[in-house]
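# Next one to model:
(2 chains)
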Amino acid sequence: EVQLVESGGGLVQPGGSLRLSCVASGFTFSSFWMSWVRQAPGKGLEWVANIKQDGTEKYYVDSVKGRFTISRDNANNLLYLQMNSLRAEDTAVYYCARDKDEGPTLLKYWGQGTPVTVSS
Amino acid sequence: DIQMTQSPSSLSASVGDRVTITCRASQSISTYLNWYQQKPGKAPKLLIYAASSLQSGVPSRFSGSGSGTDFTLTISSLQPEDFATYYCQQSSRTPLTFGGGTKVEIK
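Residues are numbered from 1 along each chain as shown, chains lettered A, B, ... in the order given. Presented below is the predicted three-dimensional model:
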């Protein structure tokens, strides 16, 4: 059974940093792209970033470029999102999702999400 | 960026009704279009991929169609468990973008 479990969310002040983690199980982690998707309170879904199987390609939504960094540890089936210079508008539930192995993006499996609140 | 516009943003329907949700892309995305269902407090669930392919385990009352810029998600006979919010998502190019969502409520 595929499982994705996020952690690391919490309350942080504007300008602060936070690192989210996602541990994967039930599939060959190193064979799939992985994505982060967020959802602000009462709002829709927003894709944040994804990363290729070997970490050599990374893509971001414009609003987080230069502030967020996606990375992965294939040896330990871990996905990360390092979030710096956090803003109030980054407040959201952050989901990790298993992306494609090849071809177009397909977010077939999702974690339960970890909430991030940016507030003073 | 490719903008995805869903309509309506919400609808009220009864059990047994046929429901159609529309998604329009700001430029052609071929059939690189996925549909997700999300219930309150839960993660999204993939329903349809590549515009019309039903994800394994999803009831056959769900169907998708379209190509280019115009797409539809149809629920042929609405069931109580289908009351949720539905999102389209384009996978043609990054940044991947979602529609604003359609909330399906009980009439």
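
# who's the spatially most central residue of chain A bridged to?
Centroid-nearest residue in chain A, with C-alpha atoms, centre = their mean: residue A:36, separated by 2.8 Å. Partner residues in beta bridges with residue A:36, using DSSP bridges, are residue A:49, residue A:96.

# Which pLDDT does the model give residue A:34?
Looking at residue A:34, its pLDDT is 97.

# For it, give me its contacts.
Shown in contact with residue A:34 (C-beta atoms under 8 Å, 6 or more residues apart in numbering or on different chains): A:22, A:24, A:50-51, A:70, A:72, A:79, A:96-99. Heads up, the C-betas are built off the backbone N, CA and C, glycines and all.

# residues near residue 2, how many?
As the question left the chain open, I've gone with chain A. Residue A:2 sits with 12 neighbouring residues when counted by other C-beta atoms under 10 Å in any protein chain shown.

# look at chain B instead
18.

# Could you list the contact residues of chain A toward chain B?
Counting by C-beta under 8 Å from any C-beta of the partner chain, chain A comes close to chain B at A:35, A:37, A:44-47, A:50, A:59-62, A:95, A:104-108, A:110-113.

# which among those residues end up buried?
A:35, A:37, A:44-47, A:50, A:59-61, A:95, A:104-108, A:110-111, A:113 (16 or more other C-beta atoms under 10 Å in any protein chain shown).

# Test my guess that residue B:98 contacts residue A:47.
Yes: with contact defined as C-beta atoms under 8 Å, residue B:98 reaches residue A:47; the gap is 6.9 Å.

# Point out where chain B drops to low pLDDT.
For chain B, no stretch has pLDDT under 70.

# What residues does chain B have near chain A?
Going by C-beta under 8 Å from any C-beta, the residues of chain B near chain A are B:1, B:32, B:34, B:36, B:38, B:43-46, B:49-50, B:55, B:87, B:89, B:91-92, B:94-101.

# at 10 Å instead, please
Residues of chain B lying close to chain A (C-beta under 10 Å from any C-beta of the partner chain) are B:1, B:4, B:6, B:9, B:29-34, B:36, B:38, B:41-46, B:49-50, B:53, B:55-56, B:85, B:87, B:89-101.

# In PyMOL, select just the buried ones from those.
Only the buried entries of those go into this PyMOL selection, using 16+ other C-beta under 10 Å:
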select buried, chain B and resi 4+6+29+31+32+33+34+36+38+43+44+45+46+49+50+55+85+87+89+90+91+92+94+95+96+97+98+99+100+101
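
# Leaving out sequence neighbours, find the closest residue to residue B:106.
residue B:83 (5.6 Å; C-beta to C-beta, 6 or more residues apart in numbering or on different chains).

# and what of residue B:49?
That would be residue B:34: by C-beta to C-beta, 6+ apart, it lies 4.8 Å from residue B:49.
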